[in-house]
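In: Generate a structure from the sequence data that follows.
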Amino acid sequence: MRFLPLDILSAVEQAAQMTCFVCGEMGASVTCQEMGCYRRFHLPCAVKGGCVTRYLLPYSSFCWEHRPQQRELAAPEDTTCVICMEPVEDRTTYGTMVCPACKCAWFHRACIQGQAMCAGYFCLQCPECQNTKLFVTEMFSLGIRIPVRQASWEDNSAYADLYERHSRCDARECVCPRGREMSGLDG
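Out: Below you'll find the model as predicted:
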């Protein structure tokens, strides 16, 4: 997908004239995709305004009135978020979500967004039932940004020492004919 420099400049100039319905400032470049809705907002204002931005093709955004929603379900009494362990609302809302597969895992939008940013596309799953396909599809459709990359805990070699082989005999009395420093393929 390539854009011509003149098209980009034109879009910037047009956005500079548009007011964000969330914060009231100029420069709103995102428009609700619902036919006939002309609400515009800044991308950073989306969460504050209850808007949903889908981060997969065809990249669509919706205002609070037209956003996709989960089917309304009532949460069992005293339900807590499976991620932060804080109470959730008594039903599915913009801020309270439920796993579409098991319907047992309830979580805050902000909590699952944080989980998605850490886990990435290849490791994100329901924290309760470990479903991936239905769970990730639903999260994408509800505007949860899921980066297509490996999990962040895999990026910084945090577990690199788990892949190191022990190469020295620590027995009180080493019986290896070649001594303590000898390490074979079988350990």
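In: Would you mark the buried spots in the host helix or strand of residue 116?
Out: Element membership for residue 116 (DSSP states H and E) is helix 109-123. Taking 16 or more other Cβ atoms under 10 Å as the neighbour-count basis, helix 109-123 is seen to contain the buried residues 109, 111, 112, 113, 115, 116, 119, 120, 123. Quick note: C-beta positions are derived from backbone N, CA and C, even for glycine.
In: What is that helix packed up against?
Out: In this structure, helix 109-123 makes packing contacts with strand 96-98, helix 133-141, helix 152-155, judged by 3 or more Cβ pairs under 8 Å, 6 or more residues apart in numbering; DSSP states H and E.
In: got the contact list for residue 106?
Out: Shown here is residue 106, whose contacts under the criterion Cβ atoms under 8 Å, 6 or more residues apart in numbering are 75, 79, 80, 81, 82, 88, 96, 97, 98, 99.
In: That one and residue 50: what is the separation?
Out: 19 Å (Cβ to Cβ, to the nearest Å).
In: so where do the strands sit in this protein?
Out: Along the chain, counting by DSSP state E, strands occupy 30-31, 40-41, 52-53, 61-62, 96-98, 106-108.
In: Run through the neighbouring helices and strands of the fifth one.
Out: Based on contacts counted as 3+ Cβ pairs under 8 Å, 6+ apart, the elements that strand 96-98 packs against are strand 106-108, helix 109-123.
In: now do the first one
Out: Where contact means 3+ Cβ pairs under 8 Å, 6+ apart, strand 30-31 is packed against strand 40-41.
In: Count the residues that sit near the closest residue to residue 78 other than its chain neighbours.
Out: Here the nearest residue to residue 78 in space, its sequence neighbours aside, is residue 87; by Cβ to Cβ, 6 or more residues apart in numbering that works out to 7.3 Å. Burial of residue 87, expressed as a neighbour count using other Cβ atoms under 10 Å, amounts to 14.
In: buried ones in stretch 81-92?
Out: Residues of stretch 81-92 classed as buried: 81, 82, 83, 88, 92 (neighbour count, 16+ other Cβ under 10 Å).
In: which among these gets closest to residue 140?
Out: For residue 140, the closest of these turns out to be residue 92, at 16.9 Å, with distances computed as Cβ to Cβ.
In: Report the separation between the closest one and residue 68.
Out: Taken as Cβ to Cβ, the spacing of residue 92 relative to residue 68 amounts to 12 Å.
In: Quick check: the gap between the nearest residue to residue 79 once chain neighbours are set aside and residue 72.
Out: Closest residue to residue 79 apart from its sequence neighbours, by Cβ to Cβ, 6+ apart: residue 106 at 5.0 Å. Residue 106 sits at a distance of 13 Å from residue 72 (criterion: Cβ to Cβ).
In: Show the contacting residues for the residue sitting nearest the centre point of the chain.
Out: Residue closest to the mean C-alpha point of the chain, counted by Cα atoms, centre = their mean, is residue 116 at 2.7 Å. Residues counted as contacts of residue 116 (Cβ under 8 Å, 6+ apart) are 124, 139, 144, 145, 146, 147.
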